[in-house]
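Q: Sequence and predicted structure are below.
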Protein chains: 2
Amino acid sequence: MSVTFPRGFRASGVVAGMKPSRRRDLGLLVVDGEASAAGLFTTNAFAAAPVELARKRIIGGSARAAVVNSGQANAGTGSRGLEDAERTTGEVAGALGLAPDGVIPCSTGVIGEPIHLDEYLAALPELTRGLSEHGGDAFAQAIMTTDTVPKTAAAERDGVRVGGCAKGVGMIAPDLRLATMLAFVTIDARVATEHVRRLASEVLEPRFESLSVDGCTSTNDTVLLLASGAGGGEPVAPGTAAWTSLTDALVEVADSLLQQLARDAEGGHHVVLITVEGAETEADARRAAKAIADSPLVKTAVFGGDPNPGRILQAIGSSGARFEPSRVRAWLGDVPVIQDGAIAPSYFDGAFEAAHAALAGRDVEIRVRLGDGDGSSTALGVDLSYGYVKINAEYHT
Amino acid sequence: MSVTFPRGFRASGVVAGMKPSRRRDLGLLVVDGEASAAGLFTTNAFAAAPVELARKRIIGGSARAAVVNSGQANAGTGSRGLEDAERTTGEVAGALGLAPDGVIPCSTGVIGEPIHLDEYLAALPELTRGLSEHGGDAFAQAIMTTDTVPKTAAAERDGVRVGGCAKGVGMIAPDLRLATMLAFVTIDARVATEHVRRLASEVLEPRFESLSVDGCTSTNDTVLLLASGAGGGEPVAPGTAAWTSLTDALVEVADSLLQQLARDAEGGHHVVLITVEGAETEADARRAAKAIADSPLVKTAVFGGDPNPGRILQAIGSSGARFEPSRVRAWLGDVPVIQDGAIAPSYFDGAFEAAHAALAGRDVEIRVRLGDGDGSSTALGVDLSYGYVKINAEYHT
């Protein structure tokens, strides 16, 4: 159950030989019919060549195919990188009988290394031949770099199907300089481009942006949302019951992918859900939540099983979020650890053990109330372990 | 040679018993005569009680004494924290026959834990009795938390003496939730308050802000600059040769303290000097330099001895600095690794070994040229090792 769960999508994934592991490393996702499409891309100023091209091609609001290579990020590759992205998508378009502009490229892998073109092009016939309505899992495998498991999800509401897959375990991985979070989400309802864009920005963007493995924004991050319309029915528009159902299904798929990404994070032992409420604005809540998720001090405390409200206080205080310090409260699980902007007296008076226990499980919850405002936000983070350092330091070239 | 190297300063440091290690934990620095003073304080919204009080007291531009306790940060302690800071400095002022407003408090240690008042107050007679022109080293020891060595420096130019000491190994330390960078710099020239402030903001601020052990801004960071005037002579004012000499001596002391802080950083094996030049503005250069210094991916790469220009590219690209990507260049030591915004072709063509060698020593240099602008900045960072994770995760309460 992956991107081909919704009707109107076919996919495939093959071993082209670009990845040292010799696993699947070239994936193709095709929409049968004119698909409404929206994309979310990295904000990194050194956006990879495929991102530059994809950003341009998605403007039209349609896309007929997405092709993904894993092994080389085609980032930091200069003008040659752009030529390679155009060349490869041109060949894919030719093989499928499509206009090149309808093919969205994505790459993930070593930054600075050009795509291994010979292997890529030689694998195209097998790739297109392999396209199938059951190809979602092969596609999900082909986009992996150092992910230990493929991440896929599917949901159905009122006859509308939503599917998705994603990859990413950190900006970087063992053997070289692998990169990137990629996610593909498919819908078989009929949805106008403007509404697909709205779903992407309102449902997908805040969710995928809430995930932080190491606070490092890759050069290649891409989230694609494609609607095939192959499920038939009336176009789904905002303000209707069908819109609510579709949104619910999309939320389910996105949340599932996010949880899977967090659980497979480099060296992570814990998944940390941070909820910030009562902020003046959503942006303030987001700043505070991100600051906690990205703090190496909070992350090591979670790894070490040390409740440590002082580190949460420190992270909120330096986040740039606006708030009145004396009104801030926070909880580890259900245990109050910060009260009136200070470490809760109960923490030193017996609640330490309960706070310690709140860090014992795989899932850790940190809740913060900044004040009485309406702004809220969540962030999904992971702990910082010896494993992260090992993966990112030991296996060098 | 420490804060008492310049004339007009006396200091002491005693074991009050507030620190579990039972080492010196209460320090006092006194200026004989009316001192011109300036302070730099943390930007953390949860500034500790002593920081709140110090900020208020320094406004007048004078200070007669600084008293520092290590063991409890007196941060996250609410209204009681402020009462304790007022009470303790009041007692110190009384013992010295000074007005309370002339006494600047600093604390470092566990966030959330109140100052151990009984031990603090009981030690005051010994502390004031111990004041001496040779007390700088005892003072430098008293302000340490998990520093492995005291950090002191001294310089003399044209008869003007500058001294200093500092502490800090990261926001956090082994046994609990210790905190903070503190630095005290003393001058025996006559310098008007407005000019002491200028020296603090123009010489000390950019230097101390360039240091980043883990990117975490403590609740207690404080830098104090005190001029006694005890060296005599004309008041030193900008635009004179004496001003240049004084500035040079101040730079020497500040840079020495920074190097000592970086070398004693938690778990650090390498000191990484990042220089960014050619930026549109100094702020852009600073953003890029900080982003590289704080990137866990760059830090683990340095720890692992892996050149890895893709990680430098990634960090610059997500820093928020403005620049034209295709013009960016970077070097590891003297080895070009980024050229025209892409990984330098030479890197894949033999220069990898040279880049690898540039990471072998204790000191690592990363140079970046963003474009042709006049903005430049430096950052001093450290690598991210198993040691950092161990210190911050394993030793929990």
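A: Great, that's in hand.

Q: Any idea how many residues pack against the nearest residue to A:Asp284 once chain neighbours are set aside?
A: Closest residue to A:Asp284 apart from its sequence neighbours, by CB to CB, 6 or more residues apart in numbering or on different chains: A:Ala321 at 4.2 Å. Every residue, glycine included, has its C-beta placed from N, CA and C. Look at A:Ala321: counted by other CB atoms under 10 Å in any protein chain shown, it has 26 neighbours.

Q: Show me chain A divided up by domain.
A: As assigned by automatic domain parsing, chain A contains the domains A:9-263, A:271-393.

Q: Just send those domains back as TSV, with distance to B:Ala54 and mean pLDDT too.
A: Formatted as TSV, these follow (distance: least, CB to CB, whole Å; pLDDT from 0 to 100):
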stretch	distance to B:Ala54	mean pLDDT
domain A:9-263	31	91
domain A:271-393	17	90
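
Q: Could you dump these into a markdown table with distance to B:Ser132 added?
A: A markdown table is the format used below for these (distance: least, CB to CB, whole Å):
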| stretch | distance to B:Ser132 |
| --- | --- |
| domain A:9-263 | 47 |
| domain A:271-393 | 35 |
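
Q: list the buried ones in whichever strand or helix holds A:Ala262?
A: Using DSSP states H and E, A:Ala262 maps to helix A:241-263. Across helix A:241-263, burial judged by 16 or more other CB atoms under 10 Å in any protein chain shown covers A:242-243, A:245-254, A:256-263.

Q: do stretch A:56-67 as well
A: A:57-58, A:62-67.

Q: same check, this time on stretch A:310-329
A: Those would be A:310-319, A:321-323, A:325, A:328-329, for stretch A:310-329 by 16+ other CB under 10 Å.

Q: Please state the offset of that stretch from the chain centre?
A: From the chain centre to the centre of stretch A:310-329 is a distance of 27 Å (CA atoms, centre = their mean, to the nearest Å).

Q: Quick one: residues contacting A:Gly71.
A: Residues near A:Gly71 by CB atoms under 8 Å, 6 or more residues apart in numbering or on different chains: A:18-20, A:25, A:109-110, A:116, A:145.

Q: Now do the SS call for it.
A: Following DSSP: H, G, I helix; E, B strand; the rest coil, we place A:Gly71 in the strand state.

Q: how much space between it and A:Lys19?
A: Going from A:Gly71 to A:Lys19 by CB to CB, to the nearest Å gives 4 Å.

Q: Next, show the common contact partners of those two.
A: Joint contacts of A:Gly71 and A:Lys19 (CB under 8 Å, 6+ apart) are A:25, A:109, A:145.

Q: the strands in the stretch 151-300 of chain A, which residues?
A: For the stretch 151-300 of chain A, applying DSSP state E, counting those that start in this stretch gives strands covering A:151-157, A:160-167, A:182-187, A:211-212, A:222-227, A:271-279.

Q: Restricting to C-alpha, output the longest one in PDB.
A: What follows is the C-alpha trace of strand A:271-279 in PDB, where atoms were taken according to Å, rounded to 0.1, in the frame of the first residue of the first chain:
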ATOM      1  CA  VAL A 271      10.700   9.900  19.000                       C
ATOM      2  CA  VAL A 272      10.000  13.200  20.800                       C
ATOM      3  CA  LEU A 273       6.600  14.900  20.200                       C
ATOM      4  CA  ILE A 274       6.700  18.600  21.200                       C
ATOM      5  CA  THR A 275       3.500  20.500  21.500                       C
ATOM      6  CA  VAL A 276       3.500  24.200  22.100                       C
ATOM      7  CA  GLU A 277       0.200  26.000  22.900                       C
ATOM      8  CA  GLY A 278      -1.000  29.400  24.100                       C
ATOM      9  CA  ALA A 279       1.500  31.300  22.000                       C
END
